[in-house]
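# sequence and computational prediction follow.
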Amino acid sequence: MSAHAISVTGLTKRFGDKTVVDRVSLDVRKGEILGFLGPNGSGKTTTIRMMCGLLEPDEGNGTVLGQDIRRDRRAIKRRVGYMTQRFSFYEDLTIAENLDFVAGLYGMAPKAQVVRDTLQDLGLTSRRDQLAGSLSGGWKQRLALAACIMHKPDLLMLDEPTAGVDPKARREFWDEIHRLAQGGLTVLVSTHYMDEAERCHRIAYISYGQLIAQGTVAEVLQGAGLTTMIVSGDAVSAAAQALRGAPGVDQIAPFGASLHVVGQDAAALESSVNQVARQTGCTAAMAETSLEDVFIQLMGQTRDNMR
Ligand SMILES: Nc1ncnc2c1ncn2[C@@H]1O[C@H](COP(=O)(O)OP(=O)(O)OP(=O)(O)O)[C@@H](O)[C@H]1O
């Protein structure tokens, strides 16, 4: 048996004359949590749908849970739990009734037992009789997760599962994901939140349909080869203006009363920043590059390539 839950090469999907997913190759080890990142419309959902057996790729091949993504789509669907961006329940049914409905729909047996175990497993037992419509965002998310894992899948695909959920509920949701991964489940999760990316074992970044970075957070940070400096003082807006277009300066972003200045050419960046800091009476210091800085840089680079 392969150690990979997902192993795909050259996945490509076109809609009309638009290539939405462009030769994506990805390996995800069993029990791993892979964060799938990228700007809106970059092809995350389409890639996920191809890997779930819901959509046939135009090109490329590979296996998901040892099954061929072209030939064995039905088998893959049965063993994957897929939480879509817009999951829905019956708001006028309780948590337990919703799960009971899903269990019935998929012919899970013994139904009552499966529902009871799922409620227990996700800490939903005490709320089993609460109407789904009256749940807070975080509990709705948990119910959606329960519905996806009820048939005991080997792979979970979560498409922006925590969009619009408060930080505490997001953290609890992620604790749950880690608990499931420790139990052997492989998880692929798309997100726009950097703190969530940092909770993944590995991340993959897609832009305009192309996978342009992957690895651990540390590897992706290092691979980007960026230098970040912080400029602070009373005249940061004048400094920002002077830094715009200066040699070595690729990004300038205000953070509160300071500026984050990022660039690929460390020497040029340092010299520009130090010069502007002297001119404006600001102070300049080296800082750690954040994942967000890296993604913004990558986004700019692919856009340039597409022109
Ligand atoms: N069935 C379809 N027919 C035509 N175009 C489509 C179809 N599905 C998706 N697209 C287009 O493909 C592109 C990629 O969409 P996709 O939903 O995969 O991106 P995404 O990375 O998941 O975006 P988001 O972060 O906004 O969810 C978008 O431009 C979208 O409009």
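Received, thanks. Residues are numbered from 1 along each chain as shown.
# make it CA atoms for all contacts and neighbour counts henceforth
OK.
# flag every buried residue along stretch 100-118.
Within stretch 100-118, the residues that count as buried by 16 or more other C-alpha atoms under 10 Å are Asp100, Phe101, Val102, Ala103, Met108, Lys111, Val114, Val115, Arg116, Thr118.
# just stretch 210-218 next, same as before
Gln210, Leu211, Ile212, Ala213, Gln214, Gly215, Thr216, Val217.
# let me know the pLDDT of the closest residue to the fourth one other than its chain neighbours.
Read it as Ala213. Leaving aside its chain neighbours, Ala213 sits nearest to Tyr205 (5.2 Å; criterion: C-alpha to C-alpha, 6 or more residues apart in numbering). You'll see Tyr205 listed with a pLDDT of 95.
# Tyr205 touches Thr216, doesn't it?
No - using C-alpha atoms under 8 Å, Tyr205 is not in contact with Thr216, being 11.2 Å away.
# quick revisit: adding distance to Gln251, write the buried residues of stretch 210-218 out as JSON lines.
Output for the buried residues of stretch 210-218, formatted as JSON lines (distance: C-alpha to C-alpha, whole Å):
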{"residue": "Gln210", "distance to Gln251": "22"}
{"residue": "Leu211", "distance to Gln251": "22"}
{"residue": "Ile212", "distance to Gln251": "19"}
{"residue": "Ala213", "distance to Gln251": "19"}
{"residue": "Gln214", "distance to Gln251": "22"}
{"residue": "Gly215", "distance to Gln251": "23"}
{"residue": "Thr216", "distance to Gln251": "23"}
{"residue": "Val217", "distance to Gln251": "20"}
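# mind checking which of these are in strands?
Residues of those located in strands (DSSP state E): Gln210, Leu211, Ile212, Ala213, Gln214, Gly215.
# what are the buried residues along the helix or strand encompassing Glu172?
Assigned by DSSP states H and E, Glu172 falls within helix 167-182. Of all the residues in helix 167-182, those buried under the rule 16+ other C-alpha under 10 Å are Ala169, Arg170, Arg171, Phe173, Trp174, Glu176, Ile177, His178, Leu180, Ala181.
# what's near enough to touch the second one?
Spelled out, it's Arg170. Applying C-alpha atoms under 8 Å, 6 or more residues apart in numbering, we find Arg170 in contact with Gly138, Thr162.
# and it, what pLDDT?
Listed pLDDT for Arg170 reads 92.
# could you tell me how far it is located from Arg278?
Per C-alpha to C-alpha, to the nearest Å, Arg170 is found 43 Å from Arg278.
# check the fourth one too.
In this structure, Phe173 and Arg278 are separated by 47 Å, where distance is defined by C-alpha to C-alpha.
# repeat for the first one
According to C-alpha to C-alpha, Ala169 and Arg278 sit 45 Å apart.
# same check, this time on the third one
Noted for Arg171: a distance of 42 Å to Arg278, by C-alpha to C-alpha.
# now swap in Val217 and tell me
On the measure of C-alpha to C-alpha, Val217 and Arg278 end up 34 Å apart.
# please apply the same query to Lys18.
Taken as C-alpha to C-alpha, the span from Lys18 to Arg278 is 49 Å.
# and for Val165?
Note on Val165: its distance to Arg278, by C-alpha to C-alpha, is 43 Å.
# which of the two has more neighbours?
Val165 (17 against 12; other C-alpha atoms under 10 Å).
# so the more buried one touches Lys140, yeah?
No - taking contacts as C-alpha under 8 Å, Val165 lies outside contact range of Lys140: 9.6 Å.
# sec struct for the closest residue to Val64 other than its chain neighbours, please.
Among residues not flanking Val64 along the chain, Ile6 sits closest, at 4.5 Å (C-alpha to C-alpha, 6+ apart). What DSSP: H, G, I helix; E, B strand; the rest coil gives for Ile6 is strand.
# get me the contact residues on this structure for the ligand.
Those residues of the chain that sit near the ligand, judged by C-alpha under 6 Å from any ligand atom, are Phe15, Val20, Pro39, Asn40, Gly41, Ser42, Gly43, Lys44, Thr45, Thr46.
# sort out for me which of these are in helices.
Judged by DSSP state H, those include Lys44, Thr45, Thr46 as members of helices.
# list the buried residues for stretch 226-239?
Here stretch 226-239 shows Leu226, Thr227, Thr228, Met229, Ile230, Val231, Ser232, Gly233, Ala235, Val236, Ser237, Ala239 as buried, counting by 16+ other C-alpha under 10 Å.
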